[in-house]
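Student: Sequence and predicted structure are below.
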Amino acid sequence: MTRHATNEPTFSEDSHALEFAEQVRANQLRLTAELKLTYDFIICGSGSSGSVVARRLAENPKVSVLLLEAGGQDDIPNIVDPRQWATNLGSDRDWGFQAQSNPELNGRAIGMSMGKVLGGGSSINVLHWVRGHRSDWNHFADEAGDAAWNYESVLKLYRRIEDWHGEPDAEYRSNGGAIFIKPSRSESPLSLATFEAARSIGVPPFGNLNGRMMEGEGGCSYTERAIRNGKRQSVFRAYVFPYMDRPNLTVLTRALVTRITFDHNRASGVEVAHNGKLYHIGAGLEVVLSLGAIQTPKVLMQSGIGDQAELQRFGIPLVQHLPGVGQNFQDHTLIMGCVWEHQQPDHIHTSDEVILQWKSDPRLDSPDMQCVLLDQPAVGRETAKFSPPTNSWTIVPGLVRPKSRGRLRLTGPNHLDPVEIYANHLNAPADLTALTRAVEFSCDLANSAALRPFAKRQVIPGDPTKQGLEDFVRSSASTYWHQTCTAKMGRDSMSVVDGNLKVYGIKGLRIADGSIMPRITTGNTMAPCVVIGERAGEILKSEYKL
């Protein structure tokens with residue numbers, strides 16, 4: 001495979017990297033100390049989509065770009081070391097949202113973590129890279145009425161985005177892109193046995209997760225992650241940081257976007273809370289919202305874009321009636337996790353992770369379950385009570401094509417008023433059935449002849465009966481924190497943006513983040529959000545001839 005030339009700086013801990021970092025620091029101090037009244041483009045949010053949009057626009061030196069981030073800097077050990085990802089949850093780098101209590105989860109209220117820091121979710125997540133299934137992207141294209149969103153088009157984008165460091169696959173993978181991707185492969189006995197176990201229950205193995213496996217019924221492969229030399233590679237670090245020494249890209253942290261300002265039906269800029277003051281900053285060309293599937297609809301509604309009846313509850317003047325804002329909430333549900341004690345009391349864990357995507361019902365046309373094998377004990381708040389021994393390994397079952405739909409509601413007109421999140425996990429009966437089947441599937445895998453030598457006993461779940469498994473699912477189900485779909489792209493009355501990501505009825509305003517998904521993609525959502533950012537960049541550069 002040919003490796004394409006790239007102009008990206010290499011950020012190793014050498015003198016060049018330190019010198020570049022100092023140039024960035026000094027340049028951004030100058031730029032943020034002398035904020036302009038107007039920028040050509042204002043990008044709100046530095047996560048997995050916003051960082052991409054900012055970078056693609058800033059590539060043109062004649063274009064002024066302001067990237068706003070509500071959180072702070074990302075150069076801390078808890079972020080740089082991906083093994084510490086969980087320490088960011090509940091910290092000031094986490095929005096710390098919480099869903100309303102849900103009777104389908106035995107009345108539990110699930111925490112909705114989202115990144116509030118440079119890089120957004122890509123700075124606090126587990127960095128799994130999953131492209132999404134062929135059927136997802138073809139659905140996007142059908143909803144948008146635009147072939148630029150279909151699987152074939154998106155596959156070309158992924159090949160441009162990625163810097164692949166696994167086995168060569170000339171048809172699906174490429175090198176030289178912004179995102180370093182490597183499989184979690186060390187071929188430990190447990191992971192090799194998992195491939196054999198999967199084959200024994202009818203799940204085929206694949207050489208890489210994001211190639212042909214994403215086109216059919218599913219399969220088994222090693223996970224892929226954006227980790228380079230043991231360090232996190234957030235989308236912000238991959239896309240934005242290399243351009244922060246330039247005079248046309250300003251990155252302002254601790255800058256909370258409170259609302260969009262308008263000149264009639266055109267977005268004229270944003271109102272920003274920064275250092276205890278409110279600032280009005282103008283956008284000469286466009287405002288792009290990339291705040292994520294909770295903050296994006298909240299800012300839209302508090303700016304007067306949403307369901308008229310919802311806005312009237314709080315006296316918010318209507319700018320554009322779009323009843324789909326805040327509706328169609330979707331998320332992936334998982335259980336952390338199903339655990340087996342290893343036969344060897346002194347078992348040494350490896351970093352291997354094997355992922356399986358498969359169908360809970362053979363009548364489905366694409367996978368709806370995602371199960372990840374981890375060579376270590378892994379529990380969440382809900383399953384910690386089982387106290388698995390340290391020489392354990394885990395399968396994390398998840399549901400990645402949910403039928404349940406939720407919504408967001410305002411509690412007031414002010415930016416400090418929280419939003420109510422009705423996540424509605426498992427509210428569709430089919431989701432309980434599918435997630436229960438994912439647990440059974442995990443147990444079938446672990447009980448296979450290939451994995452039996454590694455399993456002394458099953459620690460979690462305890463009760464293998466059908467009723468026992470359903471009870472376990474209701475009491476243990478949690479979230480992947482893949483909140484999406486609350487400002488969906490489409491052409492029906494509940495759509496918020498069109499195929500070019502323009503907000504209906506408003507000029508100069510687009511959305512580029514996971515909220516525009518018509519339905520959630522099959523698997524972790526970071527990679528699809530990068531594609532959404534790339535599409536936004538393409539669209540804007542074409543429209544303004546940049």
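Tutor: It's in. Numbering: from 1, shown residues only.
Student: contacts and neighbour counts: CA atoms only from here.
Tutor: Fine.
Student: Please report the distance of residue 218 from residue 199.
Tutor: 12 Å (C-alpha to C-alpha, to the nearest Å).
Student: Those two: who's more crowded?
Tutor: residue 218 (25 against 16; other C-alpha atoms under 10 Å).
Student: Tell me who's in contact with the more buried one.
Tutor: 203, 204, 356, 357, 358, 359, 366, 367 (C-alpha atoms under 8 Å, 6 or more residues apart in numbering).
Student: which two from these end up farthest apart in space?
Tutor: Distance extremes for these: the farthest pair is 204 and 366 at 14.1 Å, using C-alpha to C-alpha.
Student: Neighbour count: these two, which is higher?
Tutor: Neighbour totals were compared for residue 204 and residue 366, and residue 366 leads with 23 against 18 (other C-alpha under 10 Å).
Student: For stretch 24-42, what does the pLDDT average out to?
Tutor: Per-residue pLDDT over stretch 24-42 has a mean of 97.
Student: Show me how this protein divides into domains.
Tutor: Split into domains by automatic domain parsing, the chain comes to 14-77+114-169+232-326+485-546, 185-222+332-480.
Student: Of all these, which one is nearest residue 89?
Tutor: domain 14-77+114-169+232-326+485-546 (7.6 Å).
Student: any idea how far residue 301 is from residue 487?
Tutor: Taken as C-alpha to C-alpha, the span from residue 301 to residue 487 is 11 Å.
Student: So what touches the longest strand along the chain?
Tutor: What stands out as the longest strand in the chain, according to DSSP state E, is strand 277-289. With contacts defined as C-alpha under 8 Å, 6+ apart, strand 277-289 is touched by 36-45, 50, 267-273, 296, 508-513.
Student: tell me the mean pLDDT over that strand?
Tutor: On average, strand 277-289 scores 97.
Student: Quick check: buried residues in it?
Tutor: Buried residues in strand 277-289, defined by neighbour count with 16 or more other C-alpha atoms under 10 Å: 279, 280, 281, 282, 283, 284, 285, 286, 287, 288, 289.
Student: List the neighbouring strands of that strand plus their orientation.
Tutor: strand 38-44 (parallel), strand 266-274 (antiparallel), strand 509-511 (parallel) (DSSP bridges).
Student: And the helix or strand immediately after that strand in the chain, what's buried?
Tutor: Sequence order places helix 292-302 as the next helix or strand after strand 277-289, per DSSP states H and E. Buried residues in helix 292-302, counted by 16+ other C-alpha under 10 Å: 292, 293, 294, 295, 296, 297, 298, 299, 300, 301, 302.
Student: Which SSE is immediately downstream of helix 292-302?
Tutor: Counting by DSSP H and E, what follows helix 292-302 is strand 305-306.
Student: Identify the residues contacting the helix or strand following that next one?
Tutor: Next in sequence after strand 305-306, counting helices and strands by DSSP H and E, comes helix 308-312. With contacts defined as C-alpha under 8 Å, 6+ apart, helix 308-312 is touched by 301, 302, 304, 317, 318, 321, 322, 323, 409, 410.
Student: how does it look with 10 Å?
Tutor: 301-305, 315-323, 409-410, 412-413 (C-alpha atoms under 10 Å, 6 or more residues apart in numbering).
Student: Pull the distance from the helix or strand following that helix to the chain's centre.
Tutor: Heading C-terminal from helix 308-312, the first helix or strand you meet, by DSSP H and E, is strand 320-321. Relative to its chain's centre, strand 320-321 lies at 28 Å (C-alpha atoms, centre = their mean, to the nearest Å).
Student: now the helix or strand just after strand 320-321, how far from the centre of its chain.
Tutor: Sequence order places strand 333-334 as the next helix or strand after strand 320-321, per DSSP H and E. Put simply, strand 333-334 sits 14 Å off its chain's centre (C-alpha atoms, centre = their mean).
Student: in the stretch 201-350 of the chain, which ranges drop under the pLDDT threshold?
Tutor: The stretch 201-350 of the chain contains no residues with pLDDT under 70.
Student: got a list of what residue 29 touches?
Tutor: 23, 250, 251, 252.
Student: Doesn't the first one belong to a helix?
Tutor: Pointing back at residue 23 there. Yes: the assignment for residue 23, made by DSSP: H, G, I helix; E, B strand; the rest coil, places it in a helix.
Student: How many neighbouring residues does the residue nearest to it when sequence neighbours are not counted have?
Tutor: Nearest-residue entry for residue 23: residue 245, 5.9 Å, with adjacent residues in sequence omitted and distances by C-alpha to C-alpha, 6 or more residues apart in numbering. Residue 245 has 19 neighbours, counted by other C-alpha under 10 Å.
Student: pretty sure residue 245 contacts residue 58?
Tutor: No: judged on C-alpha atoms under 10 Å, residue 245 makes no contact with residue 58 at a distance of 11.2 Å.
Student: For the buried residues of strand 277-289, give me JSON lines that also has distance to residue 85.
Tutor: What follows is the buried residues of strand 277-289, written out as JSON lines (distance: C-alpha to C-alpha, whole Å):
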{"residue": "279", "distance to residue 85": "33"}
{"residue": "280", "distance to residue 85": "35"}
{"residue": "281", "distance to residue 85": "34"}
{"residue": "282", "distance to residue 85": "36"}
{"residue": "283", "distance to residue 85": "35"}
{"residue": "284", "distance to residue 85": "38"}
{"residue": "285", "distance to residue 85": "37"}
{"residue": "286", "distance to residue 85": "34"}
{"residue": "287", "distance to residue 85": "31"}
{"residue": "288", "distance to residue 85": "28"}
{"residue": "289", "distance to residue 85": "26"}
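Student: so where does the residue nearest to residue 23 fall, helix or strand?
Tutor: Counting by DSSP H and E, residue 245 is part of no helix or strand.
Student: ok, now residue 438?
Tutor: helix 429-446.
Student: what's that helix packed up against?
Tutor: helix 189-200, strand 333-334, strand 338-342, strand 353-358, strand 369-374, strand 392-399, strand 455-460, helix 466-476 (3 or more C-alpha pairs under 10 Å, 6 or more residues apart in numbering; DSSP states H and E).
Student: Present the ones you listed as a markdown table; the columns should include distance to residue 211.
Tutor: Listed next are the helices and strands packed on helix 429-446 as a markdown table, based on distance: least, C-alpha to C-alpha, whole Å:
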| stretch | distance to residue 211 |
| --- | --- |
| helix 189-200 | 17 |
| strand 333-334 | 24 |
| strand 338-342 | 28 |
| strand 353-358 | 13 |
| strand 369-374 | 16 |
| strand 392-399 | 21 |
| strand 455-460 | 31 |
| helix 466-476 | 31 |
